[in-house]
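Asks: Sequence and predicted structure, then a few things I'm wondering about:
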Amino acid sequence: MKYLLFIFGIVVIISCNTKKDRTNTSNNLPNDSIQNELLYYSNKKNKDLIILNDNAVKVLHNIDRVTDSKMKDSLLNKAMSDLNKVIQKDSNFYFAYMNKAAVLRRLGKYQESIEVLQKLLERKKTPEVIFALGLTYEKIGNLKLANKKYKEALTAYDNYLKTPRAIAQDLINKQFVMIFIQGKEKVLKQINAELKKNPDNIELLTNKSIIEKFNRQEFISSF
């Protein structure tokens with residue numbers, strides 16, 4: 001199975017293959033949708049839509065290996081067509097919207113990508129979508145709107161973490177959003193303070209290692 005949304009806050013593409021894989025990676029699904037998404041992907045009636053989504057995911061996953069610009073555009077446009085078919089048949093397919101926004105970014109159609117994410121927010125207001133909007137605004141140089149969305153995403157995570165549905169991944173994602181608001185040095189300082197209390201916390205140690213290597217400019221460039 002491809003990585004799901006926001007592994008340590010990094011926006012990645014979504015694909016579903018086997019039932020076993022879905023079960024093993026369910027904790028990486030968007031925070032308030034785990035059970036619903038598992039039911040969706042196990043329903044044979046949705047097989048054709050899942051295949052179309054996965055075809056688009058394969059393109060996104062491998063597009064950087066394509067050197068010919070015309071071929072690259074052709075593959076991305078085909079992926080766009082597949083995702084549009086999914087959304088037309090099921091306007092609530094969360095992952096298809098996220099993948100469509102990613103395809104549009106790869107095509108350089110940033111405003112259209114923003115519009116897709118805004119439409120998704122009207123259907124499913126999750127911290128991940130708000131954060132993706134912020135990242136897209138930063139990519140096009142609109143730091144004022146980007147910072148606004150980062151703060152909104154942080155508030156959304158704070159609120160969600162108070163609910164019983166929150167999982168460990170949500171806290172990790174929140175820390176990643178904080179990097180874009182406070183800078184990674186402040187976030188590392190906070191993590192180091194937590195490690196003094198709990199030096200054997202594998203999750204904190206892993207987060208620290210990832211943050212130390214994080215380069216904001218490279219991330220935004222590749223987003």
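Replies: Great, that's in hand. Numbers count the residues shown, from 1 in each chain.

Asks: And stretch 121-139, what's buried?
Replies: Buried positions in stretch 121-139, judged by neighbour count with 16 or more other C-beta atoms under 10 Å: 126-139. In this view, the C-beta of every residue, glycine as well, is placed from N, C-alpha and C.

Asks: Check stretch 47-60 too.
Replies: Within stretch 47-60, the residues that count as buried by 16+ other C-beta under 10 Å are 49-50, 52-57, 59-60.

Asks: CA atoms only for stretch 154-161 - export them in CSV, please.
Replies: Listed next in CSV are the C-alpha coordinates belonging to stretch 154-161 (Å, rounded to 0.1, in the frame of the first residue of the first chain):
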residue,chain,number,x,y,z
LEU,A,154,-3.0,24.1,14.4
THR,A,155,-6.2,25.2,16.1
ALA,A,156,-8.0,22.3,14.3
TYR,A,157,-5.5,19.8,15.5
ASP,A,158,-5.7,21.2,19.1
ASN,A,159,-9.4,20.8,19.0
TYR,A,160,-9.3,17.4,17.5
LEU,A,161,-6.7,16.1,20.0
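
Asks: Okay, buried residues for stretch 70-87 please.
Replies: For stretch 70-87, burial by neighbour count (16+ other C-beta under 10 Å) applies to 72, 75-76, 79-80, 82-83, 85-87.

Asks: Over to stretch 109-123?
Replies: Neighbour count says stretch 109-123 has 109-110, 112-114, 116-117, 120 buried, by 16+ other C-beta under 10 Å.

Asks: Can you tell me which of those lies closest to L205?
Replies: Nearest to L205, judged by C-beta to C-beta, of the buried residues of stretch 109-123 is L117 at 32.8 Å.

Asks: got the contact list for that closest one?
Replies: With contact set as C-beta atoms under 8 Å, 6 or more residues apart in numbering, L117 has these partners: 97-98, 101, 129, 132-133, 136.

Asks: For it, what is the enclosing helix or strand?
Replies: Element membership of L117, judged by DSSP states H and E, is helix 110-123.

Asks: Before I go, just wanted to say thanks for your time.
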